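> Any chance you could fold what I've pasted below:
(chains A and B)
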Amino acid sequence: MHKTLEGVQQSATPAIRGPLQVYLVVLALGLTVTAPSRLAQVIAAAVFLGLAIDAVGVRPLRWLAVPVFFLIPGLAIILVTTPGHGLIEFGPLTITQGGVKTVLDTLTRSGASIIVLGFLIASTPVSTVIATLRRAGLPSVLVELLLYVYRAIGTVFVEAERMQTAAKARVGYSNRRAKIRTTKLIASTLFLRTIDRVTHLDEAMRARGYAGKAPATAEAESHGYGLSIGILAVLLGVRIL
Amino acid sequence: MTLVAEDVRFAYADRDVLQGVDFTALEGEVTALLGPNGAGKSTLLKHFNGLLRPDSGRILVDGNRITDDQAQLREIRSRVGFVFQNPENQLLAPTVRQDVSFGPRNIDTADEVDIEATLARVGLDGAGNRHPHTMSNGEQKRVALAGVLAMDPDYIVMDEPTAGLDGAGAERFVGLIEELVDAGVSILLSTHHVGFGKAVADRLAVLKGGQIVYEGDTIGRDTADRYGLRTWALERR
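Residues are numbered from 1 along each chain as shown, chains lettered A, B, ... in the order given. From the prediction side, this is the model:
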């Protein structure tokens, strides 16, 4: 059985679903991003990874690695440009204690956020997300902005899969050297290709009358209240402690 | 080298696409796989490069069953090149030269390949520094073909090579296919255009309803109509 991202979303069986899932992810994302300790972020990552695996299985989640491609170059720069007590020197570059700390903080914060959002992306049709946010009274500009980001992330996944298949057909992953070269090549063009695709998609939507408000209907019924309360309690508890 | 599918079944999440396909593409020939849109032509072709694995049944390349063995896949992919229907799905490097050299670098033949000569072979002399994504569809298709030719495969599998091309572009592709055959390359291609299939192929097969329903050296209008290949439908109006 072979599935696209949309197929994965449609057949997902998340323990928490409907508008409640969107509210939970938004709240959890806020708590994760602003959490003062790394422990809170690690716990959030573990909880939402478990939810995502339960909803769609392990295989579709391999695409969580895609945003990491964008994260790694930034982390490498932070590592060698943060001033502070030097730990290791490579010619003119110095890895500092402050650099290591900032990188670890950024990595856990971003990694956990990606996993929290990944649960939503892998298991919720975008129409549910839009309708829920509208119903919650979020300004339409903000909803459309979120929709744009959501669509872009989805496009990154699709585009990355497309490029990976193309690379596979020309033996791009046959050994470690080829894997590194292919990954570098894909990482270097994925961002531009994604922007290109999103621009075309936007054009296609405008051509069919889109003027800043996408039509959407949402699954009205929410499930998993108990679990959601439990998860939020854990995230809040770790934060307070 | 022959490409064989034996009782191949394959399903996507929402539908069964291949439902017991038995099919052979012989060495030294051009074989055209015909079928209406959605018949599963692309799905079947991707099996011969190991991009897809059958849910059941066997895919044999030169008598060897394709498995998950990475060394075998490398060997098969270097001998059976795959040209995607939509070149945007195949081109992944920022410049034409980098894209064409991608395959040879992966199979360690980059030193032996003359990229400029390969580009000239598809009529793209001097295009090495151009950006593939700013090229026309016809040019992109030729870059995609060059990327596979550079790997010097024995067999080239082409998914709808003339899709999206105008008459001149399609004619140019027919010429390219003839040159490849003269150079000893065997070709398996898919098309929903009966006229193109008849013009280039030594043998034709029709895929419909997930099975091969017709095989022959040529195909008549009645047979084509029977299998939903209504190439002449508009001409009749």
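
> alpha carbons only for contacts and neighbour counts from here, please
Noted.

> which SS class is the spatially most central residue of chain B?
Taking CA atoms, centre = their mean as the criterion, B:Met158 is the residue nearest the geometric centre of chain B, at 1.3 Å. Of the three states, B:Met158 takes strand according to DSSP: H, G, I helix; E, B strand; the rest coil.

> Any idea what it is bridged to?
Beta-bridge partners recorded for B:Met158 (DSSP bridges): B:Val83, B:Leu189.

> Helix or strand: which one has residue 23?
Unless you meant another one, I'm taking chain A. helix A:19-34 (DSSP states H and E).

> looking at chain B here, not the other one
strand B:15-25.

> where do the strands sit along the chain?
Reading this off chain A. A:86-90, A:93-96 (DSSP state E).

> That was the other one, I meant chain B.
Assigned by DSSP E, chain B shows strands spanning B:3-12, B:15-25, B:30-34, B:56-61, B:64-65, B:80-83, B:155-159, B:186-191, B:203-208, B:211-216.

> What pairs with the fifth one, parallel or antiparallel?
Neighbouring strands of strand B:64-65 in its sheet, by DSSP bridges, are strand B:56-61 (antiparallel).

> Which helix runs longest in the chain?
This is for chain A. helix A:176-207 (DSSP state H).

> my question was about chain B
Criterion DSSP H: the longest helix present in chain B is helix B:167-182.

> can you pull out the helices in chain A?
Counting by DSSP H, the segments of chain A that form helices are A:5-11, A:19-34, A:38-56, A:65-81, A:97-123, A:126-135, A:140-169, A:176-207, A:225-240.

> Can you name every helix or strand that the fifth one contacts?
Secondary-structure packing of helix A:97-123 (3 or more CA pairs under 8 Å, 6 or more residues apart in numbering or on different chains; DSSP states H and E): helix A:5-11, helix A:19-34, helix A:38-56, helix A:65-81.

> And those: which comes nearest B:Leu45?
Closest to B:Leu45 of the helices and strands packed on helix A:97-123, according to CA to CA: helix A:5-11, at 22.3 Å.

> Look up how far A:Val80 lies from the residue of chain A positioned farthest from its centre.
Here chain A reaches farthest from its C-alpha mean at A:Gly91, the gap being 35.3 Å by CA atoms, centre = their mean. The gap separating A:Gly91 from A:Val80 is 11 Å, by CA to CA, to the nearest Å.

> pretty sure B:Lys208 contacts B:Leu44?
No. Counting by CA atoms under 8 Å, B:Lys208 stays clear of B:Leu44, with 11.7 Å between them.

> higher neighbour count, the two?
Remark: of B:Lys208 and B:Leu44, B:Leu44 carries more neighbours, 28 against 24, as counted by other CA atoms under 10 Å in any protein chain shown.

> if we can go back for a sec, quick one: the strand holding B:Phe23 to chain centroid distance?
Between the centre of strand B:15-25 and the centre of its chain there are 16 Å (CA atoms, centre = their mean, to the nearest Å).

> packing partners for it?
strand B:3-12, helix B:41-47, strand B:211-216.

> Now tabulate those in TSV and tack on distance to chain A and mean pLDDT.
TSV is the format used below for the helices and strands packed on strand B:15-25 (distance: least, CA to the nearest CA, whole Å; pLDDT from 0 to 100):
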stretch	distance to chain A	mean pLDDT
strand B:3-12	5	95
helix B:41-47	9	95
strand B:211-216	18	95
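
> of all the ones you listed, which lies closest to A:Pro73?
Among the helices and strands packed on strand B:15-25, helix B:41-47 comes nearest to A:Pro73, with 33.9 Å by CA to CA.

> List the buried residues in stretch B:191-203.
Judged by neighbour count (16 or more other CA atoms under 10 Å in any protein chain shown), stretch B:191-203 contains these buried residues: B:Thr191, B:His192, B:His193, B:Val194, B:Phe196, B:Gly197, B:Lys198, B:Val200, B:Ala201, B:Asp202, B:Arg203.

> so how far is chain A from the fourth one?
It refers to B:Val194. 27 Å (CA to the nearest CA, to the nearest Å).

> Just the pLDDT for the most centrally placed residue in chain A.
In chain A, the centroid-proximal residue (CA atoms, centre = their mean) is A:Ile114; its distance is 3.6 Å. On pLDDT, A:Ile114 comes in at 91.

> repeat for B:Thr223
What the model reports for B:Thr223 is a pLDDT of 87.

> Likewise for A:Lys213?
At A:Lys213, pLDDT is 65.

> And A:Val158, by the same measure?
80.

> Quick one: neighbours of the residue nearest to it when sequence neighbours are not counted, just the number.
Nearest residue to A:Val158 in three dimensions, chain neighbours excluded: A:Leu5, at 7.4 Å (CA to CA, 6 or more residues apart in numbering or on different chains). When neighbours are counted by other CA under 10 Å, A:Leu5 registers 18.

> Report the contact partners of A:Leu5.
If you count contacts by CA atoms under 8 Å, 6 or more residues apart in numbering or on different chains, A:Leu5 has them with A:Pro60, A:Ala122, A:Gly154, A:Phe157, A:Val158.

> What confidence value was assigned to the first one?
Read it as A:Pro60. pLDDT, A:Pro60: 78.

> Hmm, B:Arg116 is touching B:Asn129, no?
One correction, residue B:116 is Glu, not Arg. No. Using CA under 8 Å, B:Glu116 is not in contact with B:Asn129, being 10.7 Å away.

> So between these two, which is more surrounded?
Neighbour count, other CA under 10 Å: between B:Glu116 and B:Asn129, B:Glu116 has more, with 15 against 11.

> who's in contact with that one?
Going by CA under 8 Å, 6+ apart, B:Glu116 touches B:Asp125, B:Gly126, B:Gly128.

> I'd like to know which of the residues you listed is nearest to A:Thr108.
Here the nearest of these to A:Thr108, counting by CA to CA, is B:Gly128; it sits at 41.9 Å.

> one step back: return the set of buried residues in the strand holding B:Phe23.
When burial is assessed from 16+ other CA under 10 Å, strand B:15-25 yields the following buried residues: B:Val17, B:Leu18, B:Gln19, B:Gly20, B:Val21, B:Asp22, B:Phe23, B:Thr24, B:Ala25.

> export these to TSV and tack on pLDDT and distance to A:Thr182?
Output for the buried residues of strand B:15-25, formatted as TSV (pLDDT from 0 to 100; distance: CA to CA, whole Å):
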residue	pLDDT	distance to A:Thr182
B:Val17	95	31
B:Leu18	96	31
B:Gln19	96	34
B:Gly20	96	35
B:Val21	97	33
B:Asp22	96	35
B:Phe23	96	33
B:Thr24	96	33
B:Ala25	96	31
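
> From these, pick the one nearest chain A.
The shortest gap between chain A and any of the buried residues of strand B:15-25 belongs to B:Val17, at 10.7 Å (CA to the nearest CA).
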